[in-house]
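Novice: no letters, just coordinates:
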Ligand SMILES: [Zn+2]
Ligand SMILES: [Zn+2]
C-alpha cells in the first residue's frame, strides 16, 4: 500500500469513529455514508435535530473517549437479510444494501457500534488520535437536490500530531492569504452587487494587471505575434456559424442592436478568423500569429462564482495561429517555451502537461488527428517535458495540451492550453495560396499562456501570499524621510526614480519613521527608501527590503543597479 491509500484507510476508519460518537450521543440520528476524501473524511446524516458548530465540541470529545477505549475494529460478511434487520429503521442504509451486488454485505464493528462497510480499516480505535472535525455543511442524499437534505460533518485525520498540525497551519494560511482577503487588504479589486461576477480593479490592482499585460505583450512580440483587437459584441449570425450558439448559448449574453440580435463574445476566435479572412492570404504569410487581450463574458451560475478564480467577465491573453500542418510542431514548441519562460518569471517552480487525444465523436480525418497529436507529443518530448495522456479528452475538433503550474502550496493550476482546430478553418472556408497556386486549408492553433488574466492574478497573489516580487508590485518603492527636514531630499529621490519608470511614491505623513515602515510593510511594498539627516547630507539613502534586510549608504546609481538586478530575475 502506498502512503495515500494508508491515509485513506485511516480516514475511512475515522469516519466510523465519527459515526460511533454520533450514535452514542444522538442515537436517533440516521447515518448514511462516511467515506474518506482527498483531504479527510465526512459522514452524512439526518440528525434528530439540526447539528450546530457547537456540537462539534461534544462529538470531538466523545470521539477522543472512543479512541482511549482502544476498541478493536472487526470486519465480517453478513447476509443481506440480517443486514436489513439491523437497518430496518434506516432507509438510506437499506437502499445501500439493495445496491451492493451479491448476497452478503460487509459489517464493521467496534464495541457496541456497527456500520455497513466494505472493509479496509486500522486495527484499533487507539490509532485514530490525530483527527480534527472541521465543519458542518448541508448536502443531499446521492448529491441530488431532489433527494433528502442531509447534514455533513467533515474532518481530517493524520498518522501523527505533526502532520495534523502542518495541515491545519496550511489551512489557516490559505484562509489568511486567500486572494479575496488580500484583494481587500491591499485595495486591489472589489465586487459589487451591481454587476455580479464582474470584477472592479482599483488603481493598484490595475497596475499589476498592466504589468502582466506588458510582460506578455513583449514576450509575444519577441516571437513575431501581431496584436489585434476585435469587438466585444458581434452579430448572432456569426455565433451561429461558429457553432458557439449551438454549443455554448447557455453561457452567452444576448442583446439587440438596431433590432438585430447580437451576442457578447464568450471567446475571441471568430474575431481573429474574420480578421484572417479580410483578404486572400499567401503561404508566405504563414504562420500568421494573431494575439489579442480579449475581454470575454461568460454566464456562470452564481453559485459557481469564486473571487477572481471564477468570474463572469475576464481577459484572455489569446492567440490564434493560422499555419500549415508542417508548421504545427515548431509553433507548439514555441508556445511551450513561452509558457516555461513565463512560469519562471512568475516564480513557479514546477509544471505539468497533459495531451488530450481524439474523443469518440469528432470531426476530421485520422491522418489529421495523427499529425496533430504527434505534433503536440513531439513538442513536449523535444523540450524534455514529461506528460500524461488524457485519452479521448480532446475537443471534437482537435487534440490539445493543458499545461499546469504548481504554486507554493503544492496546488496545481491549469493555465496554458494549446488547442489544435481542424473545424473552424473548414467551417469558415479559410484558405491560403500555396506555392503551386492552389487554395489550401490552414490549421488553427488556439492558445493562451496565462489563461484568464484575472484568474492568473489571483493565483499569483496567493502563491506569493500578497508579497509580490519587485517587478510586479503595484508600488515598488516608498520613499520616507525620517524628519520633515529631509522631505525636499525625499522629493528629489522620488523625481529621480519616477523618471526611470519605477513605480515609487512618497510618504507625506509626519509619522515617526517606525510607523512609516510599519505602514509600508502592511501594504507589502517591497522597497522602502529611507532618508535621514546624514543620508540627505551625503546624497545617499538606506534601502530597507520587505523582509527587514537593509542596505545602507546607497547612491542613486547603486540603488538603480540593484533595482535592475532584482527586476530582471527569472
Ligand atoms: Zn469501514
Ligand atoms: Zn480561439
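Specialist: Everything's here; your move. In this text, all values refer to a predicted model and were calculated from it rather than measured experimentally. Ligands and ions are numbered 1, 2, ... in the order given.
Novice: what does the worst-scoring helix or strand of the chain on mean pLDDT contact?
Specialist: Sorting the helices and strands of the chain by mean pLDDT, DSSP states H and E puts helix 244-248 at the bottom, at a mean of 88. Defining contact as CB atoms under 8 Å, 6 or more residues apart in numbering, one finds that helix 244-248 is touched by 236, 239-240, 252, 263, 266-267, 270. Backbone N, C-alpha and C define where each C-beta goes, glycine included.
Novice: hmm, try it at 10 Å
Specialist: 236-240, 242, 251-252, 254, 261, 263, 265-267, 269-270, 298-299, 396 (CB atoms under 10 Å, 6 or more residues apart in numbering).
Novice: how close does the nearest residue to residue 190 once chain neighbours are set aside get to ligand 2?
Specialist: In space, and not counting its chain neighbours, residue 190 is closest to residue 200: 4.9 Å by CB to CB, 6 or more residues apart in numbering. If you measure residue 200 against ligand 2 using CB to the ion, to the nearest Å, the figure is 27 Å.
Novice: give me the distance between residue 200 and residue 309.
Specialist: 16 Å (CB to CB, to the nearest Å).
Novice: the more surrounded of these two?
Specialist: residue 309 (17 against 12; other CB atoms under 10 Å).
Novice: tell me the contacts of that one?
Specialist: Neighbours of residue 309 in contact, by CB under 10 Å, 6+ apart: 179-180, 413, 452, 454-459, 462.
Novice: of these, list those near ligand 1.
Specialist: The subset of these within reach of ligand 1, by CB under 5 Å from the ion, is empty.
Novice: which of these count as buried?
Specialist: 179-180, 413, 452, 454-459, 462 (16 or more other CB atoms under 10 Å).
Novice: one step back: ok, of the contacts of helix 244-248, which come out buried?
Specialist: 236, 238-239, 242, 252, 263, 265-267, 269-270, 298-299.
Novice: for ligand 1, tell me which of these show up nearby.
Specialist: Of the buried ones among the contacts of helix 244-248, not one also sits near ligand 1 (CB under 5 Å from the ion).
Novice: so which of those residues are in strands?
Specialist: Within the buried ones among the contacts of helix 244-248, residues falling in strands by DSSP state E are residue 263.
Novice: quick check, the residue in the stretch 351-500 of the chain closest to ligand 2?
Specialist: At 3.4 Å from ligand 2, residue 446 is the closest residue in the stretch 351-500 of the chain, using CB to the ion.
Novice: for residue 189, see how far away the residue nearest to residue 190 is.
Specialist: The value you get for residue 200 to residue 189, if CB to CB is used, is 6 Å.
Novice: try residue 422
Specialist: Residue 422 is 39 Å from residue 189, by CB to CB.
Novice: what residues does this structure put near ligand 1?
Specialist: Close to ligand 1, as judged by CB under 5 Å from the ion, the chain has residues 108, 117.
Novice: contact partners for whatever residue of the stretch 401-550 of the chain ends up closest to ligand 1?
Specialist: For the stretch 401-550 of the chain and ligand 1, the shortest gap (CB to the ion) falls at residue 410, measuring 28.6 Å. Contact analysis of residue 410 by CB under 10 Å, 6+ apart lists 170, 350.
Novice: checking my notes, it in a strand, right?
Specialist: No. Under the criterion used here (DSSP: H, G, I helix; E, B strand; the rest coil), residue 410 is coil, not part of a strand.
Novice: ok, it to residue 169 distance?
Specialist: 14 Å.
Novice: spell out which parts of the stretch 251-400 of the chain neighbour ligand 2.
Specialist: Going by CB under 5 Å from the ion, the residues of the stretch 251-400 of the chain near ligand 2 are residue 269.
Novice: and the most centrally placed residue in the chain, what element?
Specialist: Central residue of the chain (CA atoms, centre = their mean): residue 413, 4.5 Å from the mean position. When secondary structure is defined by DSSP states H and E, residue 413 falls within strand 412-421.
Novice: packing partners of that strand?
Specialist: helix 269-276, strand 313-323, helix 328-345, strand 350-356, helix 366-382, strand 400-406, strand 443-452, helix 453-463 (3 or more CB pairs under 10 Å, 6 or more residues apart in numbering; DSSP states H and E).
Novice: so where's the stretch 151-300 of the chain uncertain?
Specialist: Nowhere does the stretch 151-300 of the chain drop to pLDDT under 70.
Novice: report the closest residue of it relative to ligand 1.
Specialist: residue 157 (13.5 Å).
Novice: how about the contacts made by that residue?
Specialist: Contacts of residue 157 (CB under 10 Å, 6+ apart): 7, 10-15, 17-18, 36, 40-41, 122, 127-133, 163-164, 167.
Novice: from ligand 2, how far off is it?
Specialist: 45 Å.
Novice: cool, and residue 221?
Specialist: 20 Å.
Novice: mind checking the SS state of that residue?
Specialist: Put simply, residue 221 is helix when judged by three-state DSSP.
Novice: common neighbours of residue 200 and residue 189, please.
Specialist: residue 206.
Novice: on that earlier part again, please indicate which of the contacts of residue 157 are buried?
Specialist: Buried among the contacts of residue 157 (16+ other CB under 10 Å): 7, 10-15, 17-18, 36, 40-41, 122, 127-133, 164, 167.
Novice: for stretch 407-424, list every residue counted as buried.
Specialist: Neighbour-count burial for stretch 407-424 [16+ other CB under 10 Å]: 407, 413, 415-424.
Novice: ok, now stretch 272-291?
Specialist: Buried, per 16+ other CB under 10 Å, within stretch 272-291: 272-273, 275-276, 281, 286-291.
Novice: quick check: the two most widely separated of those residues?
Specialist: Using CB to CB, the two most remote members of those are 281 and 291, lying 17.3 Å apart.
Novice: got the buried residues for the helix or strand containing residue 163?
Specialist: Under the criterion of DSSP H and E, residue 163 resides in helix 161-176. Across helix 161-176, burial judged by 16+ other CB under 10 Å covers 164, 167.
Novice: alright, calling it a day.
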